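# Let's see this in three dimensions:
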Amino acid sequence: MEKNEFLDKLASRKMSRREFKTALASFGLGLAMAPMFPSRGRAAAEDEPIVFTWSGYEEEGLNEPYKRKYGELPNFSFFGDEEEAFAKIRAGYKPDISMPCSYKIPEWSDAGIIQPIDVSRLSVWGDIIPSLKNVPGVVVDGKRYWVCMDWG
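Below is the predicted model:
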């Protein structure tokens, strides 16, 4: 049974006791067996930074330079949308890096949940396409809080 079908039947109370027990048993079996299978998305060491972003940024090829330099990938934590991420960080979650879209920067900055970026530490800053340096809203009170990292 697919997840959505399970949830629909559960919510509408149209699931038999047998279907419910079968679904719970399948879930329990999956949890019990999960440690037996290596995962390419396995978390890195605890001393690695936490990158809080959308899923997809953890893909192998995207992070090879980091892995070559530091020996393993950073820890990834995922959010479904920026409102969820904002709420989680406001509630006390402390990732090292998060990736809101540029239009969210003023809100996140006003809330005090992000810090300015010192672009003098970025060796490629001079190579960034100028229009990506000047995206509206990414500099607040003269401090840069966002750098395009996807392309450019």
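# domains in this structure, as residue ranges please.
3-36, 39-99, 102-152 (automatic domain parsing).
# Save these as TSV, and put in mean pLDDT and mean neighbour count too.
Just so you know, the C-beta spots here come from the backbone N, C-alpha and C atoms, and that holds for glycine as well. As requested, these are arranged in TSV below (pLDDT from 0 to 100; neighbours: other Cβ atoms under 10 Å):
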stretch	mean pLDDT	mean neighbour count
domain 3-36	69	11
domain 39-99	84	14
domain 102-152	90	13
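# ranges for the strands of this protein?
Read by DSSP state E, the chain holds these strands, from start to end of the chain: 50-53, 75-78, 97-98, 139-140, 143-144.
# residue contacts, residue 136?
Each residue near residue 136 by Cβ atoms under 8 Å, 6 or more residues apart in numbering is listed here: residue 102.
# Okay, it and residue 71: tell me how far apart.
Taking Cβ to Cβ, to the nearest Å as the criterion, residue 136 is separated from residue 71 by 38 Å.
# do residue 55 as well
23 Å.
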